[in-house]
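>>> Following is a predicted model, sequence given first.
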Amino acid sequence: MSPVLQVGDRILTATEVLPLLAEYQLLPQLVKEIVINQAIAEIEFTSEETKLACQQFAQQNKLTSDAMLQLWLQQNNMSVKQFEALAVRQLKLEKFKQINWGKDLDTYFIQRKPLLDRVVYSLIRTTDLGIAQELYFRIKEGEQSFTQLAREYAQGPEKETDGLIGPVELQTLHPVLAKLLLASQPQQLLPPTQVGDWIIIIRLEKLLTAKLEPSMRQRLINERFNQWLQMQVSEQNWQINQSELAATTHH
């Protein structure tokens, strides 16, 4: 069988490549790319769009001169035609995303918005309920500041930041903590609450509401596309002929 790939001194045949893809767990990625190719096959584009796609692809890869492009092609073992095909594939993929999920993005954003909002909050973590109650009343009565007490008593990494955390998206937080902050008003001190192994005292400092800006639109379109892709891949009835794989591996 004729060789299809040479890496250093090692020459691989077609029958050797598949077992290696399986061994290095690269087959799921290959299946993903095949699903994408099938999905975008019918997407149309103009010659002007092709030109623009190539320029954008070059910019993304910081290929600002012909010399840099040639070096990149050499390093990636790619021809100019293959480079163009790669750029066009990216263009078709973005068009596919816009066609399928661009129209109802406002509705999806409204659904996702509560967890996309960011918060800045103050936190003290401790494992001692008695200490937590004591600290809560000291802050509430204005005897000491949240900052001072966090610096002295906090048992988590917030000790290093005087108790201040954020801005962080609500969706990245523990569900109980996110729920508490969602229901809070800025500067509202909440009484000690059990979250996992910790007793926490929190105060919402600032709520930064998410907006449907271009970067957010792109993020949400990518999110919806990835959900779709994951479902498509899981539904694909793809498998490797294990007996063939074993035979080729042992040759």
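The structure has been received and is ready for your questions. Numbers count the residues shown, from 1 in each chain.
>>> Now do the strands in this protein.
Remark: strands assigned in the chain by DSSP state E are 3-7, 10-13, 118-126, 164-169, 189-195, 198-208.
>>> possible to save those as CSV with mean neighbour count?
Where C-beta positions appear, they are placed from N, C-alpha and C, glycine not excepted. Shown next, in CSV, are the strands of the chain (neighbours: other C-beta atoms under 10 Å):
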stretch, mean neighbour count
strand 3-7, 10
strand 10-13, 12
strand 118-126, 22
strand 164-169, 16
strand 189-195, 15
strand 198-208, 19
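>>> Quick one: closest of these to A150.
Closest approach to A150 among the strands of the chain (C-beta to C-beta): strand 118-126, 5.0 Å.
>>> now what about that closest one, what contacts it?
132, 135, 146-147, 149-150, 153-156, 158, 163-170, 181, 198-208, 210 (C-beta atoms under 8 Å, 6 or more residues apart in numbering).
>>> ok so, going back, may I see the strands of the chain organised as a markdown table, with mean pLDDT and distance to Q227 added?
Putting the strands of the chain into a markdown table (pLDDT from 0 to 100; distance: least, C-beta to C-beta, whole Å) gives the following:
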| stretch | mean pLDDT | distance to Q227 |
| --- | --- | --- |
| strand 3-7 | 76 | 34 |
| strand 10-13 | 84 | 35 |
| strand 118-126 | 96 | 22 |
| strand 164-169 | 95 | 18 |
| strand 189-195 | 95 | 29 |
| strand 198-208 | 96 | 25 |
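>>> Quick check: which of these is nearest to E49?
Of all the strands of the chain, strand 3-7 comes closest under C-beta to C-beta, at 32.7 Å.
>>> Indicate each strand paired with that closest one and its parallel or antiparallel sense.
strand 10-13 (antiparallel) (DSSP bridges).
>>> Might you report the residue contacts of L93?
Contacts of L93 by C-beta under 8 Å, 6+ apart are 36, 40.
>>> distance of it from N226?
Per C-beta to C-beta, to the nearest Å, L93 is found 12 Å from N226.
>>> Also L63?
27 Å.
>>> try L177
Taking C-beta to C-beta, one finds L177 at 26 Å from N226.
>>> same thing with F83?
Note on F83: its distance to N226, by C-beta to C-beta, is 25 Å.
>>> Name the residue in the two with the higher neighbour count.
Set F83 next to N226 and count neighbours by other C-beta atoms under 10 Å: F83 wins out with 19 against 11.
>>> show me what contacts that one?
F83 sits next to 54, 57, 69, 73 when contact means C-beta under 8 Å, 6+ apart.
>>> And L69, by the same measure?
Taking C-beta under 8 Å, 6+ apart, one finds 58, 63, 83 in contact with L69.
>>> and these, which of them are in helices?
58, 83 (DSSP state H).
>>> Kindly indicate which of the contacts of L69 lies nearest E16.
Among those, F83 lies closest to E16 (C-beta to C-beta), at 27.5 Å.
>>> Please, where are all the helices along the stretch 51-200 of the chain?
Counting by DSSP state H, counting those that start in this stretch, one finds helices in the stretch 51-200 of the chain at the ranges 66-75, 80-101, 105-116, 129-140, 146-153, 175-182.
>>> quick one: average pLDDT of the longest one?
Helix 80-101 shows an average pLDDT of 94 in the prediction.
>>> Surely D106 and L212 touch.
Yes - taking C-beta atoms under 8 Å as the definition, D106 is a contact partner of L212 at 6.8 Å.
>>> if we can go back for a sec, by neighbour count, which of the contacts of F83 wins?
The most crowded member of the contacts of F83 is C54, carrying 20 neighbours; neighbours defined as other C-beta under 10 Å.
>>> And that one, how far from R89?
12 Å.
>>> What of I200?
Separation of I200 from R89 (C-beta to C-beta): 48 Å.
>>> and what of R224?
In terms of C-beta to C-beta, R224 sits 19 Å off from R89.
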